[in-house]
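Participant: how does the following fold in three dimensions:
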Amino acid sequence: QVQLVESGGGLVQPGGSLRLSCTASGDTLNHYSVGWFRRDPGKDYEGVSCIGRSNGKTWTADAVKGRFTVSRDNANHSVSLQMDSLNTEDTAVYSCAAVANNWCTIPYDYMGPGTQVTVSW
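Facilitator: Coordinates of the predicted model:
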């Protein structure tokens, strides 16, 4: 059974940065395309960014384009989401999800429990 876990969330002031990391047990993320999602309480999941399995292709939502960057570190079997210039609207639980395809397609095979990101003074 593959399990994903996110790390790096926390409390940050507006304008600050955080770097989220996604790792897996039971398999390596190198075998998956990986997406990042966020969710506010009472709202639907919002796709934030994703990175393909092997071609380096990425996608980033318009709401975070130019501020968030997704990358993968195959040597360390992880995928990161660098978040800069954070604002209060970025507050949410951020989850990573993995799918065994060359691109980020729904439905994903696995999703992590999420990590809380709070942007506040």
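
Participant: so which strand or helix has the most centrally placed residue in the chain?
Facilitator: The centroid of the chain falls nearest to W36 when counting by CA atoms, centre = their mean (2.9 Å). When elements are assigned from DSSP states H and E, W36 belongs to strand 33-39.

Participant: try N101
Facilitator: Using DSSP H and E, no helix or strand contains N101.

Participant: neighbours of it, how many?
Facilitator: Using other CB atoms under 10 Å, N101 is surrounded by 13 other residues. Any C-beta I mention is one placed from the backbone N, CA and C, and that applies to glycine too.

Participant: can you pull the pLDDT of it?
Facilitator: What the model reports as pLDDT for N101 is 94.

Participant: likewise K43?
Facilitator: So K43 comes in at 86 (pLDDT).

Participant: how much space separates it from E89?
Facilitator: Distance, K43 to E89, by CB to CB, to the nearest Å: 12 Å.

Participant: do the same with H31
Facilitator: Distance from H31 to E89, by CB to CB: 33 Å.

Participant: try G47
Facilitator: On the measure of CB to CB, G47 and E89 end up 15 Å apart.

Participant: ditto for D109
Facilitator: Taking CB to CB as the measure, D109 falls 29 Å from E89.

Participant: name the residue in the two with the higher neighbour count.
Facilitator: Neighbour tally, D109 and E89, criterion other CB under 10 Å: the higher count belongs to D109, 14 against 11.

Participant: for D27, what are phi and psi?
Facilitator: phi -170, psi 170 (degrees, to the nearest 10).

Participant: just checking, it touches Q1?
Facilitator: No: between D27 and Q1 there is no contact under CB atoms under 8 Å: 9.3 Å.

Participant: now do the same contact list for the closest residue to D109 other than its chain neighbours.
Facilitator: Distances taken as CB to CB, 6 or more residues apart in numbering place V99 nearest to D109, at 5.2 Å, with adjacent residues excluded. For V99, the contact set (CB atoms under 8 Å, 6 or more residues apart in numbering) comprises Y32, S33, G35, T105, I106, P107, Y108, D109.
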